[in-house]
Every structure is written in structure tokens, then in C-alpha cells.
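Asks: Output the structure for:
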Amino acid sequence: MSQTQATPRRRQSKLAEQLALSIETLMAQGELRPGQALAERTLAERLDVSRSPIRQALKRLETKGAVKAREDGGYVVAHTARRPTLALLPPAEADDTEALYLQVADDRLSGKLPDKLSESDLMRRYNLTKTQLGMLLQRIVHEGWAERAPGHGWRFLPILTSPDTYDQGYRFRILVESAAILEPGFQIDVPALRQCLVEQQALIDGAVEWASPAQLFDANARLHETIASFSGNVFIIESLKRINRLRRLMEYKKNVDRNAAARRCREHKVLIELLLSDQREAAADFIRLRLRDAAREKSAR
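Replies: All right, here's what the predicted structure looks like:
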């Protein structure tokens, strides 16, 4: 197969992967419930793509057991999904739109993009095909910094844009994340925490050297949000998710210090081990100090 033939197939495969993640997110949010029929047409309209990649995405989800085929055709939701985990892919398999994605993120952060844009504006500005635009928007929506505007076009959501607000976000996290661990209703979901441990160990074992800024952010934010979710306090959980959405692009803007990133992953492993051994007070102290040191380190860059 020639390179020109392989590239469209890789893009189609990547789009199906992103759509599968979006459908899983809808399941995790309760918008798609166990036993509910999944109509290709409805999903295609909801996610603004054709039915063909939706069909591929549903086949991927069937393989994972998230959906199951009906005897009369089509699929139904098999179970309530966890919010999906984005895989750590080596450079050869990484999304070939990464540079474009980071360019759009940088343009948004620097104020070059208005709060609202049409799809034709985006296609013209970045010289995109309809398929490329669909993949780009799926990722941006999945990561929580844009949404479809009522009526027409797309609307970017608020983000942190100044060093002062970025530092305030860290100070808020120092207060909230340590308190979450000490909440009376705190209860660990051991499989979920061990899944985070596997991901952090993969980074320690070498993935930190090639993981993209987005992958590093997702892996670390996922761990912190998972731990916050154990508190059972919906205000803590939602406030941390909102802070992470707001600070995402600021994190992309900063230069990645691979040595510092590896050290943080090792610290995350210590934190996980403290929680698994039920040393909650030590874990609360540890996360407070770790976040304080991370804030100082990143403010200096």
C-alpha cells in the first residue's frame, strides 16, 4: 500500500477512535443509558459526521464490550461507562493533527481567535478538509474548551490566560485536593486507582520522553480527578474538573521539562501507594506539598 493510500485510512481510523471516545463520554455522563438503542443517524447528527465513521466507532465499542449488537441490527448501550482514558501512543502512531491542534490552542490562548467561529472560518484559516476539521473539533470538544454554539458555528469556552489566574488556580487546588482526601465519605475505587498507577508507571518507564503535552496533561489531570472523585463531594469533583478545563491550554503553552515530568510521575506513584495503603493523612500532606512545589516550578518557567 502506498503512503498516499495509507494516510486517508489512518485518518479514518483516528476519527473512528475519537468518535468512540465521544460516545463513551456521553455514556459516562448519563446521556446514553444501559439498554438504550444507538441510532447511527442520531449519533452522526449529534457529532457532526457521516454515518460511516459512526459505524466504525460502534464496532470498536462492541469489541470493548461498551455496546452490544441487537439481533435485529444496530447496537444498544451495554453498561454505564467510565469516562474514557486516552491511550498513550508512541510517536509513530500519534495523531498526525497534533501540530495543528497545538497551533489552534496557541492561537486561542494568544487571543488570535474570537470567542465564536464558523466551520468555514476554521477550514479557511487552517486550510482544512471537512474530515480534518471534524477530527480537530472532536478532540477540542472532548477536551472541554469548545462547544457547538446555538444555531450555528462553534463557541470557545473560558480559559485561564494570565500568570496570575494560573497561580490562583494552583492555590485553589492546594486547598481543595488535600481536603478531598480527608472528606468523611472518602472511599477508594481500587481498580480505578490501579488503572492510574499503570498509566503513571508507563510514563516512568519511558513514555514521558515522547508523550505529547496533551497526553501528559491528560494522564496527570485524570489521576487528580480520580482521587477527588473518591471524596463523594460533588462540589469538589466539579470544581476540580472546571479548573483543569480552564488551565489546559496554559499547560500546553509551557515548555515541557521531561526530567521534571518524570519526577512528578514518580511522585504520583508515591501518592497512589499511600492511598492504597490507607494512609490518608499522609497522602493529604503529600499532595499539598507536591502541588505547592509544582506551582513554584511552573511559575518560574
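Asks: drop to CA atoms for contacts and neighbour counts, all remaining ones
Replies: Will do.
Asks: For whichever helix or strand A262 is part of, buried residues please.
Replies: Using DSSP states H and E, A262 maps to helix 258-276. Neighbour-count burial for helix 258-276, counted by 16 or more other CA atoms under 10 Å, picks out 261-262, 264-276.
Asks: which residue ranges form the strands in the stretch 1-150 of the chain?
Replies: 37-38, 67-69, 75-77, 116-117, 146-148 (DSSP state E, counting those that start in this stretch).
Asks: Please state the offset of the first one from the chain centre?
Replies: This points to strand 37-38. 25 Å (CA atoms, centre = their mean, to the nearest Å).
Asks: got the contact list for it?
Replies: 74-77 (CA atoms under 8 Å, 6 or more residues apart in numbering).
Asks: What count of nearby residues applies to T25?
Replies: Burial of T25 is recorded as 19 neighbouring residues (other CA atoms under 10 Å).
Asks: According to the record, where do the domains of this protein fall?
Replies: 3-77, 91-156, 163-299 (automatic domain parsing).
Asks: Mean pLDDT added to the ones you listed, as TSV?
Replies: Listed next are the domains of the chain as TSV, based on pLDDT from 0 to 100:
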stretch	mean pLDDT
domain 3-77	79
domain 91-156	81
domain 163-299	90
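Asks: In a strand, Y252, correct?
Replies: No: the assignment for Y252, made by DSSP: H, G, I helix; E, B strand; the rest coil, is helix rather than a strand.
Asks: and the gap between it and E98?
Replies: 12 Å (CA to CA, to the nearest Å).
Asks: okay, those two: which has more neighbours?
Replies: Taking neighbours as other CA under 10 Å, Y252 and E98 compare with Y252 leading, 18 against 14.
Asks: for W154, phi and psi?
Replies: phi -130, psi 150 (degrees, to the nearest 10).
Asks: give me the beta-bridge partners of it?
Replies: With DSSP bridges as the criterion, W154 is bridged to L117, R148.
Asks: Pull the contacting residues for it.
Replies: Neighbours of W154 in contact, by CA under 8 Å, 6+ apart: 116-119, 146-148.
Asks: mind listing the helices for the stretch 101-250 of the chain?
Replies: Per DSSP state H, counting those that start in this stretch, the stretch 101-250 of the chain carries helices over the ranges 119-126, 130-142, 163-181, 190-204, 213-229, 234-253.
Asks: Which among those helices is found nearest to T25?
Replies: helix 130-142 (8.0 Å; CA to CA).
Asks: re the thing from before, the helices of the stretch 101-250 of the chain: which one's closest to L157?
Replies: Comparing the helices of the stretch 101-250 of the chain by CA to CA, helix 234-253 comes nearest, at 8.4 Å.
Asks: Run the angle between the closest one and helix 213-229 for me.
Replies: 160 degrees (axes from the mean of the first three to the mean of the last three CA atoms, to 10 degrees).
Asks: ok, the buried residues of helix 258-276 vs G206, which is closest?
Replies: A262 (8.7 Å).
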